[in-house]
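Asks: sequence and predicted structure below; questions after.
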Amino acid sequence: MDYFCFQMTEEYEGERIDKCMAMLVDSLSRSYIQKLIRDGQVLVNGSPVKVSYQVQADDEVAFTLPPSQEPDILPENIPLDILYEDGDLLVVNKPKGMVVHPAAGHYSGTLVNGVMYHCGKELSGINGVMRPGIVHRIDRDTTGSLIICKNDKAHNHIAAQLKEHSITRRYRAICYGVLREEEGTIDRPIGRHPSDRKKMTVRADGKRAVTHYRVLQHFREYTYIECELETGRTHQIRVHMASIGHPLLGDEVYAPGRKCPFSLQGQTLHAMTIGFIHPSTGAYLEVEAPLPEYFTHLLSILQ
């Protein structure tokens, strides 16, 4: 069980206890925190409080997380579009709408379920039973290339490259508006949104995030672009493009109020190219995922 204890400072004074806890512990949802409070698991100065309690400076907030009970994750015979495979890893072309790994509300039909069926027990275990083989991820409605590691050696090797930002990751996207510059770099820190914990935002105290983009084609109201990640923050391209006034077409989270005249399922974003040093051969390997049919069809309409 994990034990947490925080001494509240003046910046939190007057805030609700559940909001403060959500800001202090990113991994906990607001609804889960509220349940902990109602169950008497959260103590302020040694006593349980209500969800509506307003924090005072110098309050001591303490709570213990009960041990998580992870459900059994079962292999499922889900067709996989495998772009590359050998004894150490495989690169999969993830379709739109597929969740990468199991989580609350998604314990079946995920990429992990399909990979477990395909690989059997040949998957790295570093990220636990919920994420076997998973060393990085892309959003549910983002398509494209994703590395799956079959053993811990490969996992550690790829994870080190991700940490060093040495992996090549090029995306294709369509954004709202016409970009004036043919290419550019967005260097803006990204962190958790202060009021919506499911969103990310540009904020001064966030982690450094760098996205390079170049224009591939201009349309009347949209721009077809290629983005290359120098860092890999959550929702990075989506947040960065929205921050310069050009959110991604179809993005329901970061393009609020924008009218999308097309029938789309989420953002038009595709992880096209991924390149890395192979963990066994030491050679550079680059794999490309072709644009999905919906994307090519949309480009033809915009011509």
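Replies: Structure received. Numbering: from 1, shown residues only.

Asks: and the most centrally placed residue in the chain, what are its phi and psi?
Replies: For the chain, residue 234 is the residue whose C-alpha lies nearest the centre (Cα atoms, centre = their mean; 4.2 Å). Backbone dihedrals for residue 234, given as degrees, to the nearest 10, come out at phi -60, psi 130.

Asks: so how far is stretch 2-13 from its chain's centroid?
Replies: Here the centre of mass of C-alpha atoms in stretch 2-13, compared against the chain's by Cα atoms, centre = their mean, to the nearest Å, lies 27 Å away.

Asks: then stretch 163-177?
Replies: Going by Cα atoms, centre = their mean, the spacing between the C-alpha centre of stretch 163-177 and its chain's C-alpha centre is 13 Å.

Asks: what score does residue 21 have for pLDDT?
Replies: Reading off the confidence values, residue 21 has pLDDT 89.

Asks: so who does the residue lying closest to it once chain neighbours are set aside touch?
Replies: On the basis of Cβ to Cβ, 6 or more residues apart in numbering, the spatially nearest residue to residue 21 that is not a chain neighbour turns out to be residue 33, at 4.8 Å. From N, CA and C alone the C-beta is placed, and that goes for glycine too. Residues in contact with residue 33 (Cβ atoms under 8 Å, 6 or more residues apart in numbering) are 18, 21, 22, 25, 42.

Asks: list phi and psi for residue 62.
Replies: When read as degrees, to the nearest 10, the backbone of residue 62 gives phi -130, psi 140.

Asks: related to what we said a few turns ago, gap between the residue nearest to residue 21 and residue 262?
Replies: As defined by Cβ to Cβ, to the nearest Å, residue 33 lies at a distance of 38 Å from residue 262.

Asks: and if you look at residue 130?
Replies: 35 Å.

Asks: these two: who's more crowded?
Replies: Taking other Cβ atoms under 10 Å, residue 130 and residue 262 do not tie; residue 130 has more neighbours (16 against 13).

Asks: which pLDDT value goes with the residue lying closest to the more buried one once chain neighbours are set aside?
Replies: Leaving aside its sequence neighbours, residue 130 sits nearest to residue 102 (Cβ to Cβ, 6+ apart; 5.4 Å). Confidence per residue is given as pLDDT, and for residue 102 that number is 85.

Asks: also residue 114?
Replies: 97.

Asks: helix or strand for it, which one?
Replies: Residue 114 is part of helix 111-119, with elements assigned from DSSP states H and E.

Asks: now do the helix or strand following that helix against helix 111-119, angle only.
Replies: Scanning forward in sequence from helix 111-119 by DSSP H and E, the next helix or strand is strand 143-149. Going by axes from the mean of the first three to the mean of the last three Cα atoms, to 10 degrees, strand 143-149 is angled at 60 degrees with respect to helix 111-119.

Asks: for strand 143-149, give the mean pLDDT please.
Replies: Mean per-residue pLDDT for strand 143-149: 98.

Asks: which strands or helices does that strand pack on?
Replies: Judged by 3 or more Cβ pairs under 8 Å, 6 or more residues apart in numbering; DSSP states H and E, strand 143-149 is in contact with strand 89-94, helix 111-119, helix 152-164, strand 269-277.
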